[in-house]
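# quick one, fold the following:
(one chain, ligands or ions: 1)
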Amino acid sequence: MPDIGALADQCKFYNCTHLHEPGCAVMAEVDNEGSPHYIHPNRYRIYTELSEELNAGYKY
Ligand SMILES: [Zn+2]
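Next up, the predicted model:
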């Protein structure tokens, strides 16, 4: 997801997963109306689901 990837550079932690970290630039833009980097909540939800699927894939 290019828009989330671009914001990831601004996260407080370089290895941020954008799921629960403090200082996360992605979470700050979710449903942030008026922001040029606005991320729709549904889009963020899809991102978190994809992320969890990827993490699950590393188990085997
Ligand atoms: Zn983040």
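
# middle-most residue in the protein, spatially?
H18 (4.0 Å; C-alpha atoms, centre = their mean).

# chain neighbours aside, what residue packs nearest to that residue?
V26 (4.0 Å; C-beta to C-beta, 6 or more residues apart in numbering). All C-beta atoms are positioned from the backbone trio N, CA, C, and that covers glycine.

# could you do D31 as well?
Closest to D31 by C-beta to C-beta, 6+ apart is P41, at 4.9 Å.

# so the one you found sits against M27, correct?
No. The criterion here is C-beta atoms under 8 Å, and P41 misses it with M27 at 10.8 Å.

# quick one, which of these two is more surrounded?
More crowded of P41 and M27, by other C-beta atoms under 10 Å: M27, with 19 against 9.

# state the phi and psi torsions of that one.
Phi and psi for M27, reported as degrees, to the nearest 10, are phi -60, psi -30.

# so what's it up against?
Under the criterion of C-beta atoms under 8 Å, 6 or more residues apart in numbering, the neighbours of M27 are H18, E21, Y44.
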